[in-house]
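Visitor: Return atomic coordinates for the entry below.
(one chain, ligands or ions: 1)
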Amino acid sequence: MQIVKNKLFILLITILTFNGCSTTGDFSFFNSSEKSDASLFTRIGGLPVLTKIADEFIDKVATTPSTKRSFDGIKLKTLKESVVLHLCELTGGGCKYEGETMANSHRDAKITEAEFDAFVSMFRDTLNKYVSTREKNELLKILAPMKRDIVTPI
Ligand code: HEM
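Guide: Okay, the predicted model is just below:
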């Protein structure tokens, strides 16, 4: 009788364990597929993460010798707000960026290719801290074609 009881107990534990696993498994599968279908904006973490990225990154480029030149006299708070709206719109967050075109806003600064490359390298470093590889690459891919509007040919 004791053996039968033990077997029933083991059967019960096995059923509960497998059922638990498959339920958890189903939900995590559902969540991850839902997550990968979400907009880049959502996967990045929305406005709180974009705001943090813009804040930290703009402070960095505005103080690093290889990029700081163009930021002299620029109101960084306003620039950060504008960049957040721009990134929000570009990543599908539904914001409306109403600033200047990339060509207009960068023309006077006469940005060189070396400055652009240093800027992107620092942006990549900031993204590495806050988003995963897939999101980082998607965002960099969106920004890359803007190089031709931002860099002034020599
Ligand atoms: C893909 C790369 C870049 C993107 C997406 C970008 C985006 C922007 C945006 C959205 C603005 C705000 C424009 C407005 O509010 O009207 C802006 C302004 C500015 N950007 Fe960039 N930028 C890029 C590269 C660069 C680089 C490489 C530099 C310098 C090294 C730079 C320096 C500036 C400065 C100084 C301003 C302020 C212009 C002003 O207010 O007169 N940007 N950028």
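Visitor: For Val49, list the residues it contacts.
Guide: Val49 is in contact with Tyr130, Val131, counting by CB atoms under 8 Å, 6 or more residues apart in numbering. (Each C-beta comes from the backbone N, C-alpha and C, glycine too.)
Visitor: Which strand or helix spans it?
Guide: In this assignment (DSSP states H and E), Val49 forms part of helix 46-61.
Visitor: if I look at the residue nearest to Arg134 when sequence neighbours are not counted, how far off is Tyr130?
Guide: Distances taken as CB to CB, 6 or more residues apart in numbering put Arg43 closest to Arg134, at 7.8 Å, once the chain neighbours are dropped. Using CB to CB, to the nearest Å, Arg43 is found at 12 Å from Tyr130.
Visitor: Pick out whichever of the two has more residues nearby.
Guide: Between Arg43 and Tyr130, counted using other CB atoms under 10 Å, the more crowded position is Arg43 (19 against 16).
Visitor: Could I get the average pLDDT for stretch 141-154?
Guide: Summarised as a single mean, pLDDT over stretch 141-154 is 96.
Visitor: Quick check: end-to-end length of it?
Guide: 25 Å (CA to CA, to the nearest Å).
Visitor: what's the burial count for whichever residue of the chain sits closest to the ligand?
Guide: Among the residues of the chain, Gly99 lies closest to the ligand, at 2.9 Å counting by CB to the nearest ligand atom. Using other CB under 10 Å, Gly99 has 14 other residues around it.
Visitor: so it sits in a helix?
Guide: No. Judged by DSSP: H, G, I helix; E, B strand; the rest coil, Gly99 forms no part of a helix; its state is coil.
Visitor: Surely it is in contact with His86?
Guide: Yes. Applying CB atoms under 8 Å, one finds Gly99 in contact with His86, separated by 6.6 Å.
Visitor: So which bits of the protein are right by the ligand?
Guide: When proximity is defined by CB under 6 Å from any ligand atom, the chain lies next to the ligand at 67, 70-71, 74, 79, 82-83, 86, 99-100, 105-106, 109, 111, 115-116, 119, 143, 146, 150.
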